[in-house]
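[1] sequence plus predicted model, see below.
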Amino acid sequence: MTTPAVPLAQLHHIGVQTFDLDNSLAWYRDFLGFRPTWTAETFSDLTVSRLPGVTRITEIVTERVRIHLIERAGRERRRGPEDRVQFQHICLAVDSPAQLRDRLERWQELYACGAYTFLRPDPPTGIVTDAEGVQSFYCFDVNGLEIEFTYVPGSTR
C-alpha cells in the first residue's frame, strides 16, 4: 500500500534573531535591498513564551525572499561555542557571475564603511567554482549568520 505524497510546503520566511534590530535592518537594506513591510511591538502569549524578552519583530522583503528580524532584550551580545547545533546557512541565488561579484564587493564596501556592528568580523570567502560550473561565496550578516550566494549556470533560480 502506498501513502499519498504530502505536498511540499513553500518557505514563507526566515526568522533571524538579532541583538540590534536597527543595525540589522540597515545592513539588510543596504546590502541586499530589503525593505520593511511591518513591525510588531506587542505579542501574543504564545510568541512571548517562545521568544522570552521579544521587543520588536520587523518583516523585511525583497523580490521573493522574506525575513523576520526578531529583537530580544536581555541577551548577551557574544559568539557562542562553535560546536553547538545551530542554523547553518541560507543560500541566495543570483542570475549571473557578475551579480555574484557585485554582492561580494558590496559586502566588502559596507564592512569597510564602519557603519555596522558585526558579531563576526570575518571577511567573506573568495568565489569558488565547482566541477559543474556552480559558483559560490560565503559571508556573515551583522548577527553572525552565514549567507551563501550562488550562481547556477542554466538555472532559473
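    Alright, I've got the coordinates. Residues are numbered from 1 along each chain as shown.
[2] every contact and neighbour count from this point should use C-alpha atoms.
    OK.
[3] buried stuff in the helix ranked longest in the chain?
    Once the chain is assigned using DSSP state H, the helix that runs over the most residues is helix 97-113. Within helix 97-113, the residues scored as buried using 16 or more other C-alpha atoms under 10 Å are 97, 100, 103-104, 107, 111.
[4] pLDDT weak spots in this protein?
    1-10, 75-88, 156-157 (pLDDT under 70).
[5] how is it divided into domains?
    Domains of the chain are assigned by automatic domain parsing as 10-74, 89-157.
[6] can you name the residues in contact with the helix or strand where Leu25 lies?
    Assigned by DSSP states H and E, Leu25 belongs to helix 21-32. Residues from elsewhere that reach helix 21-32 (C-alpha atoms under 8 Å, 6 or more residues apart in numbering): 18, 34-36, 56, 60, 62, 69-71, 103, 106-107, 110, 116-117, 141-143.
[7] so which other helices or strands are in contact with the following helix or strand past it?
    Note on helix 21-32: by DSSP H and E, the next helix or strand toward the C-terminus is strand 35-40. Under the contact criterion of 3 or more C-alpha pairs under 8 Å, 6 or more residues apart in numbering; DSSP states H and E, strand 35-40 touches strand 54-62.
[8] and the helix or strand following the strand it packs on, what's buried?
    Where DSSP H and E defines the elements, the next helix or strand beyond strand 54-62 is strand 65-72. Going by neighbour count (16+ other C-alpha under 10 Å), the buried part of strand 65-72 is 66-72.
[9] between those, which sits nearest Gly154?
    Arg66 (24.6 Å; C-alpha to C-alpha).
[10] beta partners for the closest one?
    Val61 (DSSP bridges).
[11] now it: how far from Arg35?
    10 Å (C-alpha to C-alpha, to the nearest Å).
[12] between those two, which contacts overlap?
    Ile60.
[13] if we can go back for a sec, the helix holding Leu25: which residues count as buried?
    Buried-residue list, helix 21-32, by 16+ other C-alpha under 10 Å: 21, 23-29, 31.
[14] gap between it and the chain center?
    10 Å (C-alpha atoms, centre = their mean, to the nearest Å).
[15] repeat for stretch 18-31
    Worked out by C-alpha atoms, centre = their mean, stretch 18-31 lies 10 Å from the chain centre.
[16] thank you kindly, that will do.
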